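Undergrad: Dropping a prediction and its sequence here:
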Amino acid sequence: MDRIEADAAAVTLFVRSSEVFAACSECDTKSSRVHARYRRSLVDVPMAGRRTRIVAVVRRFKCGRAACPQTTFTEQLPGLTTPFARRTPLATEQLVAIALALAPAAPAPGWPPNWACRAGRTC
Ligand SMILES: [Zn+2]
């Protein structure tokens, strides 16, 4: 972890990997050839009632295996990042649990409404 910024409403954690190597997502070959770096911003579960955001500096590596179709790949930070995700796995898990808890066991009478059917929803 690089640093933490916090105010009354939010906490932001700035992190980066300390690993030298990362494994290619296609062929699992380890590489240390960094191609680029960029920031990813991830929503995490609230910390002490404050919105929590993680700003991760991730690296894009060149795959070391000449025959690999994946010429470059982005490292994933275990427990924090998954490809294309905007939330941490824990935040996603909590969101799914809330959605399932709030979802009705059976659709309400009259659902889906006619306007939804006209809008292309399968009815
Ligand atoms: Zn590869």
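TA: All right, it came through fine. Numbering: from 1, shown residues only.

Undergrad: hmm, stretch 68-85 in reach of the ion?
TA: Yes. Stretch 68-85 lies within reach of the ion by CB under 5 Å from the ion, at Cys68, Gln70. All C-beta atoms are positioned from the backbone trio N, CA, C, and that covers glycine.

Undergrad: quick one: Pro78 is in a helix?
TA: No. Counting by DSSP: H, G, I helix; E, B strand; the rest coil, Pro78 falls outside a helix, being coil.

Undergrad: Look at it and report its pLDDT.
TA: Per-residue pLDDT puts Pro78 at 93.

Undergrad: number of nearby residues for it?
TA: 10 (other CB atoms under 10 Å).

Undergrad: Can you list the residue ranges for strands in the protein?
TA: Secondary structure of the chain, counting by DSSP state E: strands at 3-6, 10-16, 22-23, 30-31, 34-47, 50-62, 72-74.

Undergrad: Listing partners with orientation, what would you give for the fourth one?
TA: The one in question is strand 30-31. Strand pairing for strand 30-31, determined by DSSP bridges: strand 22-23 (antiparallel).

Undergrad: what do you get for the first one?
TA: Within its sheet, strand 3-6 is paired with strand 10-16 (antiparallel), according to DSSP bridges.

Undergrad: Let's have the strands of the chain in CSV, adding mean pLDDT, mean neighbour count and distance to Ala97.
TA: Converted to CSV, those look like this (pLDDT from 0 to 100; neighbours: other CB atoms under 10 Å; distance: least, CB to CB, whole Å):
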stretch, mean pLDDT, mean neighbour count, distance to Ala97
strand 3-6, 96, 11, 26
strand 10-16, 97, 17, 22
strand 22-23, 96, 20, 30
strand 30-31, 96, 18, 35
strand 34-47, 97, 14, 11
strand 50-62, 97, 18, 17
strand 72-74, 96, 18, 28
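
Undergrad: can you put these in TSV and add distance to Pro104?
TA: Below are the strands of the chain laid out as TSV (distance: least, CB to CB, whole Å):
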stretch	distance to Pro104
strand 3-6	38
strand 10-16	33
strand 22-23	43
strand 30-31	48
strand 34-47	25
strand 50-62	28
strand 72-74	39
